[in-house]
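Enquirer: what follows is a predicted protein model with its sequence.
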Amino acid sequence: MSPVISTLESVEDLPLLAGQGLPQYSAITPEQIDQAIPLLLEGLHKELGELEAALELRLTASSQAAKPLGWDELMDPLHHLGERLRWSWGVVSHLNGVCNSPALREVHQKHQASVVSFGNRAGQSRTIYKALEALQQHSQKLDGAQQRILESELRDMRLRGVGLEAEAQLSFNSRCQQLAELANSFGNHVLDATNQWSLSLTNPDELAGLPDSLKGLLAQAAEEAGQPGSWRMGLDLPRVGPFLKYSERRDLREQVYRAQVSKASSGELNNWPLIEQILELKRQQARILGFANWAELSLVSKMADSVASVEKLLEELRAAAYPMAQAEIEELRACAGRHGAGEAKDFQPWDVSFWAEKVRQENFDLDSEALRPYFPLGQVLEGLFGLCQRLFAIRIVAAPGDAPADAPGNAPTWHQDVRYFQVLDELSGETIAAFYLDPFSRPGSKRGGAWMDECLGRSVNRQGQPVLPVAYLICNQSPPVGEVPSLMTFEEVETIFHEFGHGLQHMLTSVDRPQAAGINNVEWDAVELPSQFMENWCYERGTLMGMARHWQSQKPLPEADYQKLLAARTFMGGNATLRQVHFALTDLQLHGNWSPECGQTPEQMRRHLAKTTTVLPPIPEDAFLCSFSHIFAGGYAAGYYSYKWAEVLSSDAFSAFEEAGLGEEGEIVELGRRFRATVLAMGGSSSPAEIFEAFRGRPPSSAALIRHSGLVRQ
């Protein structure tokens, strides 16, 4: 086959077409993207055509009793072809999320349809489908991972419409294009709405109750906006969360809360029409493929065997959480009454975080803000890396900042805040993986939330050289303010542990087949297992006390505060569980039962569910669906339940360490090595159920999740 970029004089002309290695982020401009993507797609279409022609000849020869089609003839070329597109377009999508700009957004949107079109062509190639079927006929010669990959490829091609007739396929592909465009617009609307809203505070009275860390962040934001001497509120999480928790100005809390829950719901950034269009297009796509709705289609590739099974788990959690959530809200209301606050009689959603913090301080003598100085980012990373060394026999080292650019361990980055680390196997000393960490919020250019994504996956390139996995780990935590380093809330500590769990599964894979290495081919409702498993270690004594030291005095976190953290772990657990159940059921209902003819808007359907899944009903302005990017601009459509489904697995996995006593080093180390060898190493080479049993020795149980969530009645 001819090289994809044969029309170019050299890769150096267009680094976006390198197709391998670490991307040269700073050299990739919107203008280059505009030039490179059409060239890339032209080459890929040509290469795909050549592969199809070669396969047609082989299939004909095979039917004449020649040697059967081999894995290397089909699956390796398919992987390399797909990897070229994933590498280049992945860089564009990554930069669009972490360095968003009008020019980058425009060029991303301009070429997205062509990228989707190529994906449809490859995914609907009947020649490739026939070749996969031919390969499956001789599956007895394949190992278990190969057989599982093959089954997944055939299933996914069916779900991409390979079996549709010409007219139906054209209609299906048109909707795919529309859905990609709508998802992109939805995400952009959320980002723009978040960035456009601000509240300028000019009177010190408006800062009543705010901790110094938040005051500093608001002052820094005002300075950057050309408003020195004031304080600037925004809708990014590092500002919204603490403001709602600490502001004594109820009127301002209400103003911020209403802005937060109504964003992207009006004007030019209105996502309501997009929601209905997305839901209807997905429903139509499901029906074209022979499913009643998108929820049924979604679960074909999940660990859960049916919508009913998911609803059963969610109802178990809802029934356990609802009475506890009611009692928790009543406790907050009573606290407001003891303080003589008017909200005792008129308790509203913008009062929850504020009074929850008051109750937390009263019940546990625990001030969340007072913990920040004990969790500077550098020490948290030391604790996280030390835990990974203890459990998984790996060492994590930072790239030397003063070394030449081409020195081993150095890497190109997209922002000065980004750091690059290598992962070494402790026994061999060899580098086995690497990752980028982009920790801080950057309002205006960086998408909110936290995620892990693939920079490079474990594989072998066309030159036969091994490719080590490299992960992107993206967070949006509190940035440094002046000379003060990034001091993390405990929730931010949990978030970075969570995302690192995803990264570990990507980086510690031992699967040689790239289609099943890392998180590839892992069922969506099991992919949160390692991430949620890692969160539990934030409370383990050795880990927590090893990293919690005051950033100035270096004094360790007082033992009393550690005990308070443990005692408060399940505080407001009923409301936290109910919130996730509400999101998951809303997602399932919208993708299972909503249609333009159902007599309800998506929001009316959500509010009907809210009657049994919320204690404080949504206020009239609440337009949460308009910023529910997980299901409308991400991969969680009819899959948001995955967080709770996987939490059953993660809680049960961590309970194995609890049963070993956590402090028994020998047994803990043995369990850690087994967790690495199964859950982290095996990726998508076996089913999640088989991998879990290989670690735990039995099927999963929900008992540990119920206990960890504090839903067991005393």
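Expert: Yep, it's here. Numbers count the residues shown, from 1 in each chain.
Enquirer: just the element for Pro273, please.
Expert: helix 272-288 (DSSP states H and E).
Enquirer: run the chain-centre distance for that helix.
Expert: Distance, stretch centre to chain centre, for helix 272-288: 23 Å (C-alpha atoms, centre = their mean, to the nearest Å).
Enquirer: again, but for stretch 436-448
Expert: The chain centre lies 14 Å from the centre of stretch 436-448; the measure is C-alpha atoms, centre = their mean.
Enquirer: ends of that stretch, what's the gap?
Expert: 17 Å (C-alpha to C-alpha, to the nearest Å).
Enquirer: what does it rub up against?
Expert: Contact partners of stretch 436-448, identified using C-beta atoms under 8 Å, 6 or more residues apart in numbering, comprise 97-101, 187, 190-191, 194-195, 221, 234, 236-238, 377, 381, 411, 413-415, 417-421, 455, 470-480, 486, 496. C-beta coordinates here come from the backbone N, C-alpha and C atoms, glycine included.
Enquirer: hmm, Ile37 is touching Ser117, no?
Expert: No - the criterion here is C-beta atoms under 8 Å, and Ile37 misses it with Ser117 at 11.9 Å.
Enquirer: these two: which is more packed in?
Expert: Each of Ile37 and Ser117 has its neighbours counted (other C-beta atoms under 10 Å); Ile37 has more, 24 against 16.
Enquirer: excluding its backbone neighbours, what's nearest the more buried one?
Expert: Using C-beta to C-beta, 6 or more residues apart in numbering and skipping residues adjacent in sequence, the residue nearest Ile37 is His111, 4.4 Å away.
Enquirer: cool, and Asp622?
Expert: Per C-beta to C-beta, 6+ apart, closest to Asp622 is Val261, 4.6 Å.
Enquirer: give me the neighbour count for the one you found.
Expert: Close neighbours of Val261, defined as other C-beta under 10 Å, add up to 18.
Enquirer: okay, and it sits in which element?
Expert: Applying DSSP H and E as the criterion places Val261 in helix 250-262.
Enquirer: next one: Leu544
Expert: Counting by DSSP H and E, Leu544 is found in helix 541-547.
Enquirer: in terms of secondary structure, what does that helix contact?
Expert: helix 377-392, helix 559-567 (3 or more C-beta pairs under 8 Å, 6 or more residues apart in numbering; DSSP states H and E).
Enquirer: again, only using 7 Å
Expert: On a contact count with 3 or more C-beta pairs under 7 Å, 6 or more residues apart in numbering; DSSP states H and E, helix 541-547 meets helix 377-392.
Enquirer: any idea how far the helix it packs on is from the middle of the chain?
Expert: 21 Å.
Enquirer: got the buried residues for that helix?
Expert: For helix 377-392, a neighbour-count test (16 or more other C-beta atoms under 10 Å) marks 377, 379-381, 383-388, 390-392 as buried.
Enquirer: any chance of those in JSON lines, plus distance to Leu544 and pLDDT?
Expert: Formatted as JSON lines, those follow (distance: C-beta to C-beta, whole Å; pLDDT from 0 to 100):
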{"residue": "Leu377", "distance to Leu544": "16", "pLDDT": "97"}
{"residue": "Gln379", "distance to Leu544": "11", "pLDDT": "97"}
{"residue": "Val380", "distance to Leu544": "10", "pLDDT": "98"}
{"residue": "Leu381", "distance to Leu544": "14", "pLDDT": "97"}
{"residue": "Gly383", "distance to Leu544": "7", "pLDDT": "97"}
{"residue": "Leu384", "distance to Leu544": "11", "pLDDT": "98"}
{"residue": "Phe385", "distance to Leu544": "14", "pLDDT": "98"}
{"residue": "Gly386", "distance to Leu544": "11", "pLDDT": "96"}
{"residue": "Leu387", "distance to Leu544": "10", "pLDDT": "96"}
{"residue": "Cys388", "distance to Leu544": "15", "pLDDT": "97"}
{"residue": "Arg390", "distance to Leu544": "13", "pLDDT": "95"}
{"residue": "Leu391", "distance to Leu544": "15", "pLDDT": "96"}
{"residue": "Phe392", "distance to Leu544": "18", "pLDDT": "97"}
